[in-house]
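>>> This is a predicted model, with the sequence first.
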Amino acid sequence: MTQLSSNKLSLDGVPDGGPTGSSTVGDDPTPRACPHCASHDAKRLDTYSTPDWHIVKCTDCDFVYLANPVSYDALVEDHAWEKNFLKENERRRSEKPVLDTLSKNTRLRLRLFRKDRLKLFRTIFRKGRIVDVGCGGGSSLPEPLIPYGIEISKGLAKLADQSMTKRGGKCIHASALDGLKECDAGYFDGVLLNSFLEHETNPAPLLQEAHRVLKDDGVIYVRVPNFASINRKVMGRKWCGFRYPDHVNYFTPASFKKMYEAAGFKGRLINPLT
């Protein structure tokens, strides 16, 4: 799991625009362009793909991504995260029941360390208005931070808004990119992308928007699975980082660094190995 903690820099040299996501599921006559370099030349990785979901490797920059993600509209209801989560758990259970049981037990133990994650966020952000992109039910940001959120799932956005308004913030029901575009420049003290950027079909433009809405001394925290990890190389297609069709980008520390620097950030990799 690669994590980035970064302070804001100037936007000089940031490219405009970026690739857009595919609008259909399965075989798509116009597959998604590479989210890293915008090339349309890619090779399907049969080892990691399924009949419905095509994971490909860009022949120009070697970035690995899902060529046929679902549309933003489908993520609102039909492919909302909480629904896909249940389907994906069932797939993993059927493919590797022993590992799935061990994983569940590990996650149960890790819940004991949720206080450590909250402490981490307090240390990184310290104060002010923080926007959690892909906030789910809106429980990630501890007090005294003022929580804002952006969530595409209609049901989760409603839950998050109820929680956040009580603490002076709010949740915007929208895609990540559209939600950030609704916010004023320099409005936030921090941006949280905790296990989110791997879900976003437009990661480069999203990071540019995150840079725009941050104050000059603002901080962004990003956490994504590491496609270059030893765990992925050992587990192959059974690696926990593959979630169909939720995960659409497969970052390495090198590709991630290029993308966030192009958006105007300087950063520090907290955990580049796993």
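Everything's here; your move. Numbering: from 1, shown residues only.
>>> contacts and neighbour counts: CA atoms only from here.
Will do.
>>> Go through stretch 123-132 and flag the buried ones.
Buried residues in stretch 123-132, defined by neighbour count with 16 or more other CA atoms under 10 Å: 125-126, 129-132.
>>> Considering those, which is situated nearest to residue 168?
Within the buried residues of stretch 123-132, the smallest distance to residue 168 is 9.2 Å, found for residue 129 (CA to CA).
>>> can you tell me how far the closest one sits from residue 148?
Separation of residue 129 from residue 148 (CA to CA, to the nearest Å): 7 Å.
>>> what's the overlap in contacts for these two?
Counting by CA atoms under 8 Å, 6 or more residues apart in numbering, the residues touching both residue 129 and residue 148 are residue 169.
>>> circling back to that earlier point, next, give me the two most distant ones among the buried residues of stretch 123-132.
126 and 132 (14.6 Å).
>>> What strands flank the longest strand seen in the chain, and is each parallel or antiparallel?
Ordering each strand of the chain by length in residues (DSSP state E) puts strand 214-224 first. Paired strands of strand 214-224, with direction, are strand 2-8 (antiparallel), strand 188-194 (parallel) (DSSP bridges).
>>> worst average pLDDT in those strands?
Out of these, strand 2-8 stands lowest, with a mean of 59 (criterion: mean pLDDT).
>>> Determine the set of other helices and strands touching whatever helix or strand comes next after that one.
Counting by DSSP states H and E, the next helix or strand C-terminal to strand 2-8 is strand 42-44. Applying 3 or more CA pairs under 8 Å, 6 or more residues apart in numbering; DSSP states H and E, we find strand 42-44 packed against strand 55-58.
>>> following the strand it packs on, which helix or strand comes up?
Strand 55-58 is succeeded, C-terminally, by strand 64-66 (DSSP H and E).
>>> how much space between residue 159 and residue 174?
Relative to residue 174, residue 159 is positioned 14 Å away (CA to CA).
>>> swap that for residue 224, please
On the measure of CA to CA, residue 224 and residue 174 end up 21 Å apart.
>>> more neighbours, these two?
residue 224 (24 against 21; other CA atoms under 10 Å).
>>> I'd guessed that one sits against residue 195; true?
Yes. With contact defined as CA atoms under 8 Å, residue 224 reaches residue 195; the gap is 5.2 Å.
>>> Which helix or strand in the chain has the lowest average pLDDT?
Ranked by mean pLDDT, DSSP states H and E, the helix or strand of the chain with the weakest confidence is helix 97-110, at a mean of 50.
>>> The helix or strand following that one to strand 214-224, inter-axis angle?
Remark: after helix 97-110, the chain's next helix or strand is helix 114-125, criterion DSSP H and E. Orientation check (axes from the mean of the first three to the mean of the last three CA atoms, to 10 degrees): helix 114-125 against strand 214-224 gives 150 degrees.
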